[in-house]
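Enquirer: Turn this into a structure:
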Amino acid sequence: MSLPLWDALLAVIHHKPALYRLLAVLLALTLLYVLIVSVLTFVVFPEYKVPENAPVLERPLLSPHQSFLVDSASSSANNSPSKSFYRHLNNSSHFKMHYHIYLPVNVARKKFTKAVLVGHEIENAIVVVQFFAELPKNLAGLSVVAGLNKSVEGRPSLVYDENLGRHFVEEDGHTYTVVTFAPPNLRNLEYFTVDAILLQSTGKVEKSSPAETSIAQSVSMLPTKSSSEEGCAVFGENVLEKINSCQSDRDTLDRLNKRSWRLPSTPTLSWVPSQLVFLLHFLIFCIISILTFCINCLNHTVLGTSLVERSAFFKQLDLRLRQVAYFPAQFSFYRNSAILTDPSSDWPKILQLPVYNEKYNINNSNYINLYNSIWLIVNDILIGLTLHNTFTKNREFLLKLLNETLLNDFAVAHLHQLVQWVSKEHPYGFKLNDELGQFMGSMFTWTLEAWGNLFLRALEIANSQSIFISYVFKCICYMGFSFIIAAVVDYVNLVTIHIHFFNVVTTKVYFRQIEALKSLWQLFRGKKYNVLRNRIDNLDEDQFRVDRLLLGTLMFTILIYLLPTTFAFYLLFYAAEALILTGAKWCSKLLVVLNMYPLFVLLLKLKNSRRLQGGIIFESRGGAKSTNWVHMSNKALTSEEIFVNFWRVFRNEGKIERIVLNFAEGRHITVRDTASMKFHYLRLPAQYDKLIEHWRSAGK
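Expert: Presented below is the predicted three-dimensional model:
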């Protein structure tokens with residue numbers, strides 16, 4: 001009597017404690033991973049699933065005068081703008097003009113301070129920059145636009161009302177909307193924009209979403225003209241530009257009017273010797289040249305293919321070299337944003353950069369992508385160093401587990417047993433052709449034995465060269481965890497290359513057999529396939545003869561009886577190939593996480609969400625007399641908008657196309673190529689050769 005299943009399992013664990021410990025560690029890591037993902041998915045970030053046709057972040061299709069209300073803070077009646085109030089402003093003939101006063105929140109907090117407000121006046125929009133109890137000598141191009149708790153001749157006066165708890169504009173025959181805002185700091189890449197920043201893209205252009213249509217419709221509720229014939233600038237590009245430059249205008253005022261006690265500013269690198277700057281520039285130029293040469297070598301085509309197309313390791317190396325070669329140019333774009341934002345600059349076109357943003361969003365997205373890539377590379381290297389230490393301590397056990405337990409047993413020994421089972425034992429009672437089965441089985445068995453002996457011989461040679469192999473593995477670990485995964489994928493593909501060839505042979509045989517059966521079936525029906533016109537035509541009477549039908553019947557009978565035997569081997573190796581590709585697919589998805597996960601974006605969202613501009617929110621704060629109050633703030637990108645393109649790349653990476661249909665038709669397994677999608681996502685230039693010219697021009 002054999003031992004029960006539980007006793008057998010305990011016996012295996014007792015005799016193999018190292019394997020048990022490894023399984024326990026893997027199980028613990030899996031549970032920890034599931035726990036972290038669950039917390040991030042259900043607690044920190046809302047649950048989100050990308051639909052099949054989820055659009056990428058698009059540019060709002062709004063004109064400058066239609067960008068007043070980009071999003072509402074709430075759908076409730078208390079937070080939404082009062083329709084009756086705006087309708088009263090639009091239809092009343094008592095008031096002459098409607099003005100919008102954009103007031104910084106620190107100025108709005110000055111309840112009883114008497115001061116003069118200086119800023120910009122653009123048609124009927126007033127942008128307040130700063131307040132002064134006494135006007136300074138130099139206003140830096142600004143003008144007096146209003147008074148605060150005091151009267152200014154020819155200007156509106158904001159007076160604080162204790163009952164209302166807000167400032168209102170004294171009656172002067174006009175109506176006003178006071179829009180409060182927190183002045184953004186452009187140095188910290190804080191600004192207001194109606195265009196949601198597009199951090200990544202996959203190269204697809206989608207139609208405008210229904211949300212944008214509703215935004216455009218909601219603009220019609222807001223007043224854009226008074227009863228007079230004069231137009232009013234509600235929220236144009238000029239007004240938005242003045243709001244964004246509010247903090248810089250304040251700094252200019254402080255610098256001009258407090259020059260006496262401030263030290264003169266000096267350039268950041270003025271103390272660095274010019275020879276050192278030239279040497280550093282030349283060193284970076286040499287590095288970019290070497291990296292570009294390596295990229296060209298990796299992508300060089302030989303016999304219709306290249307190293308990048310055939311190797312996961314070289315594909316990862318190509319991606320990393322492109323990132324590192326682009327870092328100097330990317331940093332120069334951040335220091336001098338005019339290279340990307342200036343319409344007269346040709347470098348975005350020369351480098352063929354995937355630029356989808358406008359104005360401030362261009363520099364901000366470039367900055368975020370730069371530091372997100374640097375952060376991910378540093379994490380990748382740290383994980384690789386940690387794994388190297390772990391591998392050094394358990395080297396013998398891990399090599400034995402990979403080479404003998406996984407590869408030799410499953411790819412050679414178990415496959416040999418399956419081939420013998422299919423060729424001689426009539427699997428699951430199916431009656432197969434013995435002669436054909438034994439012929440194909442002996443052919444595959446001989447190849448398996450030869451490959452197994454070659455693999456064992458290679459392991460013996462590798463053991464004798466263990467020092468060299470350990471050094472190579474150490475170098476790969478220093479390159480990062482992603483390179484370890486890519487190297488393991490290439491190693492598995494190399495060891496299981498015989499399965500790939502078996503699948504190619506059986507697929508060819510099965511495909512030709514299916515095509516022959518199709519042609520013979522058309523012959524029985526009096527039809528034939530017209531290759532030139534790609535259609536099925538009727539056979540002529542002189543072609544439809546008895547001898548042809550007899551020969552076709554004999555061939556059809558032979559092929560149909562041999563089909564189950566061919567199909568059995570075809571199914572076996574097709575399943576083995578699909579299993580290997582599935583493992584490689586999940587390794588590729590892990591590489592996507594290591595290379596493209598928006599880690600820096602999430603940290604930035606937690607630290608300062610104002611730098612992830614997703615639009616503008618206007619919250620209505622009510623109205624009284626001739627004044628209406630509105631608060632303007634930035635709408636941060638949601639987790640859905642941050643992850644939408646990442647999930648699209650993750651979902652398409654390693655995707656096997658038409659696996660069921662290809663299997664039925666006898667066609668090879670094809671894996672979707674996502675290289676272009678990943679380059680678009682990382683904003684890498686298509687013409688990387690031009691990076692040398694850009695860096696040369698940057699030093700002039």
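
Enquirer: Measure how buried the residue nearest to Ala576 when sequence neighbours are not counted is and give me the count.
Expert: Nearest non-adjacent residue to Ala576, counting by C-beta to C-beta, 6 or more residues apart in numbering: Ile499, 5.0 Å away. Where C-beta positions appear, they are placed from N, C-alpha and C, glycine not excepted. By other C-beta atoms under 10 Å, the residues close to Ile499 number 21.

Enquirer: Let's see the pLDDT reported for Ile499.
Expert: The score at Ile499 is 92. That number is its pLDDT.

Enquirer: How about Leu432?
Expert: Confidence score, pLDDT, at Leu432: 83.

Enquirer: Taking the centroid of the protein, which residue is nearest it?
Expert: Phe646 (3.6 Å; C-alpha atoms, centre = their mean).

Enquirer: For it, give its distance to Tyr681.
Expert: 8 Å (C-beta to C-beta, to the nearest Å).

Enquirer: Give the residues shared as contacts by those two.
Expert: Common contacts of Phe646 and Tyr681 (C-beta atoms under 8 Å, 6 or more residues apart in numbering): Gln200, Met596.

Enquirer: hey, which strand is longest across the protein?
Expert: Secondary structure of the chain per DSSP state E: the longest strand is strand 613-624.

Enquirer: quick one: the strands in the stretch 151-300 of the chain?
Expert: For the stretch 151-300 of the chain, applying DSSP state E, counting those that start in this stretch gives strands covering 157-161, 166-169, 175-181.

Enquirer: any chance you could map the strands in the protein?
Expert: 71-72, 98-104, 115-122, 125-132, 143-148, 157-161, 166-169, 175-181, 527-530, 535-538, 613-624, 627-636, 656-657, 670-671.

Enquirer: Report the strands that pair with the longest one, each with its relative direction.
Expert: Strand pairing for strand 613-624, using DSSP bridges, gives strand 71-72 (parallel), strand 627-636 (antiparallel).

Enquirer: quick one: Lys655 and Lys585 touch, right?
Expert: Yes: at 7.5 Å, Lys655 counts as touching Lys585 under the criterion of C-beta atoms under 8 Å.

Enquirer: joint contacts of those two?
Expert: Common neighbours of Lys655 and Lys585 (C-beta under 8 Å, 6+ apart) are Val671.

Enquirer: So the two - more neighbours on which side?
Expert: A side-by-side neighbour count of Lys655 and Lys585, using other C-beta under 10 Å, places Lys585 first with 18 against 15.

Enquirer: If I look at that one, what pLDDT would I see?
Expert: Lys585 is given a pLDDT of 92.

Enquirer: Got phi/psi on Asp689?
Expert: Torsion angles at Asp689 (phi, psi; degrees, to the nearest 10) stand at phi -60, psi -30.

Enquirer: which ones are touching it?
Expert: Thr292, Asn296.

Enquirer: now the helices for the stretch 151-300 of the chain?
Expert: Taking DSSP state H, counting those that start in this stretch, the helices of the stretch 151-300 of the chain run over residues 210-218, 237-244, 246-257, 274-298.

Enquirer: buried stuff in the longest one?
Expert: Right, helix 274-298. For helix 274-298, burial by neighbour count (16 or more other C-beta atoms under 10 Å) applies to Ile284, Phe285, Ile288, Leu291, Thr292, Ile295, Leu298.

Enquirer: Name the nearest of those relative to Arg335.
Expert: Ile284 (13.7 Å; C-beta to C-beta).

Enquirer: Could you tell me how many residues sit around the nearest residue to that closest one once chain neighbours are set aside?
Expert: In this structure, Ile284 finds its nearest non-sequential neighbour in Pro328, 5.3 Å apart by C-beta to C-beta, 6+ apart. The number of residues packed near Pro328 is 18, by other C-beta under 10 Å.

Enquirer: What pLDDT does the model give Pro328?
Expert: 90.

Enquirer: Can you tell me how far Val422 is from Phe567?
Expert: Applying C-beta to C-beta, the value for Val422 to Phe567 is 10 Å.

Enquirer: so where's this structure shaky on pLDDT?
Expert: By pLDDT under 70, the low-scoring segments of the chain are 1-96, 203-235, 259-273, 525-526, 528-531, 537-545, 699-700.

Enquirer: Surely Phe314 touches Thr305?
Expert: No: look at Phe314 against Thr305 with C-beta under 8 Å: they stay out of range, at 11.5 Å.

Enquirer: Of the two, give the one with the bigger neighbour count.
Expert: For Phe314 and Thr305, the more surrounded residue by other C-beta under 10 Å is Phe314, and the numbers stand at 18 against 9.

Enquirer: Domain parsing of the chain, as residue ranges.
Expert: 64-231+244-256, 275-378+597-615+637-698, 394-596 (automatic domain parsing).

Enquirer: got the end-to-end distance for the second one?
Expert: End-to-end distance of domain 275-378+597-615+637-698 (C-alpha to C-alpha, to the nearest Å): 16 Å.

Enquirer: For that domain, what is the distance to the chain centroid?
Expert: On the basis of C-alpha atoms, centre = their mean, to the nearest Å, domain 275-378+597-615+637-698 sits 10 Å off its chain's mean C-alpha point.

Enquirer: same deal with the last one?
Expert: With C-alpha atoms, centre = their mean as the basis, the distance from the averaged C-alpha position of domain 394-596 to the chain average is 34 Å.
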